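Trainee: I need the structure of the sequence given here:
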Amino acid sequence: MTGKLFGDRGYISKPLAELLVSQDIKLMTTLKKNMKAQAIDAFDQLLLRKRSINETTNDQLKNIGDLEHSRHRSLANYVSNIIASLVVYSYQDKKPALQLREADLLPLLQNA
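Mentor: The predicted structure follows:
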């Protein structure tokens with residue numbers, strides 16, 4: 001696996017960062033008060049600020065769609081539980097959204 005992992009300040013630790021770097025994964029978190037500022041891409045910073053929306057979606061899937069269940073006896077039962085949770089979520093009237101405007105994304109696209 002490669003990519004970026006977005007988390008909060010609680011995930012900051014040297015052993016975890018070293019483990020993820022060895023697997024070609026970059027840990028993206030907000031900084032603690034006593035930490036030095038680090039250079040971060042504008043798009044990554046935007047995604048880090050929108051992380052709470054992803055957390056809200058996961059919370060709704062677990063609580064409203066009953067997604068969290070660790071004792072499935074078959075793969076088919078596990079997959080059907082995930083699909084049922086996603087169907088329930090898709091019928092919700094109000095869903096969290098990133099609400100990114102084109103004006104927010106244009107500077108990011110021009111720098112790429």
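
Trainee: where does this structure dip in pLDDT?
Mentor: With pLDDT under 70 as the threshold, the chain has low-confidence stretches at 11, 32-35, 37, 104-105, 107-112.

Trainee: show me it divided up by domain.
Mentor: Listed domain ranges for the chain are 1-38, 41-112 (source: automatic domain parsing).

Trainee: what's the nearest residue to residue 7 if we skip its chain neighbours?
Mentor: For residue 7, ignoring the flanking residues on the chain, the nearest one in space by Cβ to Cβ, 6 or more residues apart in numbering is residue 29 at 5.1 Å. Placement of C-beta: from N, CA and C, glycine included.

Trainee: report how many residues lie close to the one you found.
Mentor: Other residues near residue 29 come to 17 when the count uses other Cβ atoms under 10 Å.

Trainee: now do residue 85
Mentor: Residue 85 - counted by other Cβ under 10 Å - has 19 other residues nearby.

Trainee: contact partners of the helix or strand containing it?
Mentor: Element membership of residue 85, judged by DSSP states H and E, is helix 75-90. When contacts are defined by Cβ atoms under 8 Å, 6 or more residues apart in numbering, helix 75-90 is touched by residues 57, 60-61, 64-67, 69, 72, 95.

Trainee: PyMOL command to pick out the buried ones of those residues?
Mentor: Here is the PyMOL selection string for the buried members of those, based on 16 or more other Cβ atoms under 10 Å:
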select buried, resi 60+61+65+67
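
Trainee: max pairwise distance over the contacts of helix 75-90: which two?
Mentor: 72 and 95 (26.1 Å; Cβ to Cβ).
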